[in-house]
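Asks: Starting from these lines, generate the structure:
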Amino acid sequence: MKEWSTASGRKIKLVEGNIALLDVEAIVNAANSSLILGGGVAGAIRTYGGPSIQEECNKIGPIEVGSAVITGAGNLKAKYVIHAVGPVYGEGDEDNKLTQATLNSLKIAESRGIKSIAFPAISTGIFHFPLKRCSEIMLKTALEFSEKHEFPQEIIFCLYGQEAYSVFQQTLANLVKEKTGAAKS
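Replies: Next up, the predicted model:
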């Protein structure tokens with residue numbers, strides 16, 4: 001596990017594993033705009049969380065790309081699932097849409113006073129968003145948000161597989177280096 005504390009005392013952590021199994025207050029689902037819990041992260045959430053999450057999603061969806069909504073977490077250890085709709089690579093304006101999906105998830109967590117939230121690498125599965133670009137956008141957005149807001153106090157990026165973990169680890173190291181280098185000058 002890689003961890004970094006911001007100047008405001010918030011924590012950014014990287015872990016490798018299955019997000020549906022984490023013991024945090026909220027997990028983020030890499031959702032589609034229909035809010036149908038299909039494969040990948042959503043499939044794991046459906047499998048471990050049970051049918052109540054999909055039932056809540058059915059009452060809410062569809063939502064726009066870049067949006068996020070919150071539901072209960074069924075049988076998961078988490079209390080909430082925040083469903084963030086990331087872009088399909090090639091649809092246009094993907095960087096902004098991924099930034100908004102990340103930011104809107106963090107805003108929901110802040111408004112609810114959620115202390116710990118875990119994100120997957122949104123859009124990097126069947127939506128084919130490049131992993132490195134995803135890591136740069138999501139980590140930068142999370143770092144900037146955490147410096148200005150009290151909640152969430154801990155932001156975890158739960159990455160599936162060693163490759164994803166390594167890419168996020170390198171990006172976080174680069175961002176921290178830039179930030180600490182900028183602070184010294």
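Asks: which one's the longest helix in the chain?
Replies: helix 162-184 (DSSP state H).
Asks: what residue lies at the spatial centre of this protein?
Replies: Geometric centre of the chain, nearest residue: F119, 2.5 Å, by Cα atoms, centre = their mean.
Asks: all helices in this protein, in order from the N-terminus.
Replies: Along the chain, counting by DSSP H, helices occupy 40-49, 51-60, 94-112, 131-148, 162-184.
Asks: Next, the buried residues of the third one.
Replies: Applying a neighbour-count criterion of 16 or more other Cβ atoms under 10 Å, the buried positions in helix 94-112 are 94, 97-110, 112. All C-beta atoms are positioned from the backbone trio N, CA, C, and that covers glycine.
Asks: same check, this time on the second one
Replies: Within helix 51-60, the residues that qualify as buried are 53-54, 56-57, counting by 16+ other Cβ under 10 Å.
Asks: And the longest one, by the same measure?
Replies: Judged by neighbour count using 16+ other Cβ under 10 Å, the buried positions of helix 162-184 are 164-165, 167-169, 171-172, 175-176, 179.
Asks: out of the residues you listed, which one sits closest to K132?
Replies: In terms of Cβ to Cβ, no member of the buried residues of helix 162-184 lies closer to K132 than V167, at 5.5 Å.
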